[in-house]
Every structure is written in C-alpha cells, then in structure tokens.
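J.: Need a 3D model of the following:
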Amino acid sequence: MSPHQGIHHISLKTQGEAQFQQVLAFYRDVLGCPLVRTWGAGGNSGAMLDLGNTLLEVTANGAPGLKKGLFGHIAFAAADVDALAERVRAAGRPVWMGPVDQNLGGGYPIRIAFCTGPAGEDIEFFQER
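T.: Okay, the predicted model is just below:
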C-alpha cells in the first residue's frame, strides 16, 4: 500500500496581485477550470482551481524577477487540442508549438500543442489518438 494518495495539487506562484488575477482569469475563463476556493488579499492572495483530476494552487507571493512559473510545464488531457489552441490564441496568449501530430513510439500516436500562460508557465494540451 502506498503511503500517499496521489497528487493533491500543483503550485504556481505569480508575481503579485495583477498577475495573480490574470492567471485566474486564464485558467478559469479560457481553459474552463472551475474555481474551488480563494483566500487572502493583495500579495497574499491564493486560489485553487479544479484541473479535472488534481488542483492548481495559484498564489500571488512569487519572488520578484521570476521568469517562469515554478514547474516545467503542466499537461492537460484534451479531447480536441486544436479547439483548445484556438481558445488560447483568441484570448491573446501565444501558442508556440502545434497543434502537431507525433508518435511517442510503440504505436502511441498523440496530438499536442504548447502555449505560454500568464505567469510565463508552459502549458501542454495532450490528446491521445
């Protein structure tokens, strides 16, 4: 029996209240992630959004000069990568790769796209074919 029960949440630290609000709006309004809870105010603001099978914790207390979010990238399972990439473009965010078809080997075809989120974080949309 494993001593843990899986991933509870992923944490993304933003640089202050303005970027915090941009990140919340992007994940909630563009990607459709429901807001679960919020706490604090100003530079101490925090929130959790439902990603489907885990939570994304967003806080406004990231270090000044932070170039990227504090994870390599977050990958969303997608039923339609192209539609998600178009939603991101329509929201004014850059899609810097794809959508493209790839094969991870062993007969594992996928369709993926990558974009940049409001805190500089890389986001992947991943569709198994």
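J.: Every contact and neighbour count from this point should use C-alpha atoms.
T.: Fine.
J.: Hmm, Gly43 is touching Gly16, no?
T.: Yes. Taking contacts as Cα atoms under 8 Å, Gly43 lies within contact range of Gly16: 5.2 Å.
J.: Overlap in contacts, those two.
T.: Common contacts of Gly43 and Gly16, defined by Cα atoms under 8 Å, 6 or more residues apart in numbering, comprise Ala60, Asn61.
J.: since we're on Gly105, how many residues are nearby?
T.: 7 (other Cα atoms under 10 Å).
J.: Check the one 4 residues further on too.
T.: The local packing of Pro109 (other Cα under 10 Å) involves 13 other residues.
J.: Give the closest residue to it in space, chain neighbours not counted.
T.: Counting by Cα to Cα, 6 or more residues apart in numbering, Pro109 lies nearest to Asn103, which is 4.2 Å off, once chain neighbours are set aside.
J.: What segments of the protein are strands?
T.: Assigned by DSSP state E, the chain shows strands spanning 9-13, 35-39, 46-50, 55-59, 73-77, 95-103, 109-116, 122-128.
J.: okay, these, which one's buried deepest?
T.: Comparing these by mean neighbour count (mean count of other Cα atoms under 10 Å), strand 55-59 comes out on top with a mean of 22.
J.: So which elements touch that one?
T.: With contacts taken as 3 or more Cα pairs under 8 Å, 6 or more residues apart in numbering; DSSP states H and E, strand 55-59 sits against strand 9-13, helix 17-25, strand 46-50.
J.: Show me what His73 is bridged to.
T.: Note on His73: beta-bridge partners by DSSP bridges are Asp122.
J.: Give me the domain ranges for the protein.
T.: 7-64, 71-129 (automatic domain parsing).
J.: Which one, of the ones you listed, ends up nearest to Met1?
T.: Closest to Met1 of the domains of the chain, according to Cα to Cα: domain 7-64, at 15.7 Å.
J.: All set now, cheers.
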